[in-house]
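Peer 1: just a sequence and a predicted model for now, questions to come.
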Amino acid sequence: DGSFHKNWGIYSGATYEPATEESVRAGRTTVKLIERYPPEVNHEGWPRLVRRLASENGFTLPDIDFIVFTQVRKPSIELVMADLGLPMEKTHTVMEEWGYTGSACLGMAFDDAVVRGRVAAGDLVVFVGSGVGYNQAGAAFHVYDTPRSQVYGGLTIPPAMAGQVTVEELFLRTSEPRGV
């Protein structure tokens, strides 16, 4: 609902205040936390959203095979899973490895769970995301296929490219400097 829009943000670098040398030096082009959100924003909001998804879409909480949350704080995820009566084995976190990655975190956590074999065809997967300024959204999906990526020495070859590219070619594609 935007009620916490003043709590944190990036105050320079866009249309209202384009980035300048002075704004970079002053730190206005990086995320600034002015005031923390009350913990209940996610601790109460996420479970409410999951229950609403279940109610409006004809499934129960025990039907959920896997659930992915915005990767903000692991203790928040633990509290919410307990509130929902779901074991931690039904979720996955990547913030320990990658930190907070913004809106990419849901996809990153889901992909990592798929690669690790934690999500299977037929699973009901729920996604719950939060955003700065205070907005939350959720979605539920049945997984029909879990393509397996090939992982070699930290490089992941997406399933669509498997058999079409070697690890060396992929490395060269991702490490060559790009023209502007």
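Peer 2: Structure's in. What do you need?
Peer 1: where does pLDDT dip in the protein?
Peer 2: Along the chain, segments meeting pLDDT under 70 span 1-8, 33, 35-39, 132-134, 146-180.
Peer 1: elements contacting the biggest helix by length in it?
Peer 2: Ranked by residue count and defined by DSSP state H, the top helix of the chain is helix 40-57. Applying 3 or more CB pairs under 8 Å, 6 or more residues apart in numbering; DSSP states H and E, we find helix 40-57 packed against helix 74-84, strand 124-131, strand 135-142. Just so you know, the C-beta spots here come from the backbone N, C-alpha and C atoms, and that holds for glycine as well.
Peer 1: what about 10 Å?
Peer 2: With contacts taken as 3 or more CB pairs under 10 Å, 6 or more residues apart in numbering; DSSP states H and E, helix 40-57 sits against strand 66-69, helix 74-84, strand 124-131, strand 135-142.
Peer 1: buried deepest among those, which one?
Peer 2: Per-residue neighbour counts averaged over each of the helices and strands packed on helix 40-57 give the maximum for strand 66-69, namely a mean of 24 (mean count of other CB atoms under 10 Å).
Peer 1: that strand: how far from the chain's middle?
Peer 2: On the basis of CA atoms, centre = their mean, to the nearest Å, strand 66-69 sits 9 Å off its chain's mean C-alpha point.
Peer 1: dump the residue contacts of the nearest residue in space to Ala140 that is not next to it in sequence.
Peer 2: Nearest residue to Ala140, sequence neighbours excluded (CB to CB, 6 or more residues apart in numbering): Val126, at 4.8 Å. When the contact criterion is CB atoms under 10 Å, 6 or more residues apart in numbering, the partners of Val126 are 49-50, 53-54, 57, 59, 61, 63-69, 84, 86, 90-91, 138-141.
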